[in-house]
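K.L.:
My questions concern the predicted model and sequence given below.
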Amino acid sequence: VSFAECNPEINLSQIAKIYIAQPDAAVFTDWTAAGEWTTRISDTATGADNIRPLTVVGDKPLPETTSKTISGGRIVTTDKKHTINFEIDESNATNHEFVRGGKCMKQVKFWYETIGGLLFGGNSGIDGTFAIDMTLSKTEGDIILYPGTLKWSATDIEERTTSPIA
């Protein structure tokens, strides 16, 4: 471990970007290289390996953990169910149609980035389920929101790097 009394490193945690690809999209050779990202990120391209960037406000609460007591009274974690909750708050016609088409995107490969510039997901990305919908508030002045979730199971936390595309 490493702790600094005078100048501790802290990182802002709000999720600001989610990068979504088809579940069978190619893995990165080096996900820390900006060049690999720039050739694959697109708002409109339809290739099997293309990645859609979503600008969001999101969070990742503690995972739901399943544990089992084994011999000797030891407790082991057998599963963790992770969830990212996010909202898209830009409700233009293109984003609305993306959300409408979201019902067909159940399984995805994804990466996520914090407002502090950390990217999570590794070369292979995270395989999970994607759900998104729309909410309309009755409160005057509120805006249309597209809330969604990404869910997956893994006993480890995600690999991270400083985002090469932030």
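P.N.:
In hand now; what should we look at?
K.L.:
What ranges does the chain have for its helices?
P.N.:
Secondary structure of the chain (DSSP state H): helices at 34-40, 93-101.
K.L.:
and residue 32, what does it touch?
P.N.:
With contacts defined as C-beta atoms under 8 Å, 6 or more residues apart in numbering, residue 32 is in contact with 161, 162, 164. To be clear about C-beta, it is placed using only N, CA and C from the backbone, and glycine gets the same treatment.
K.L.:
again, 7 Å this time
P.N.:
Contacts for residue 32 were tallied using C-beta atoms under 7 Å, 6 or more residues apart in numbering; they are 161, 164.
K.L.:
Equivalent analysis for residue 112, please.
P.N.:
Residue 112 neighbours (C-beta under 7 Å, 6+ apart): 15, 17, 18, 84, 120, 121.
K.L.:
Return the subset of those residues lying in strands.
P.N.:
Among those, the members falling in strands (DSSP state E) are 15, 17, 18, 84, 120.
K.L.:
Max pairwise distance over these: which two?
P.N.:
Within the ones in strands among the contacts of residue 112, two members stand farthest from each other by C-beta to C-beta: 17 and 84, at 11.4 Å.
K.L.:
Who has more neighbours out of the two?
P.N.:
Neighbour count, other C-beta atoms under 10 Å: between residue 17 and residue 84, residue 84 has more, with 22 against 19.
K.L.:
is it true that that one touches residue 58?
P.N.:
Yes. Counting by C-beta atoms under 7 Å, residue 58 is a contact partner of residue 84 at 5.6 Å.
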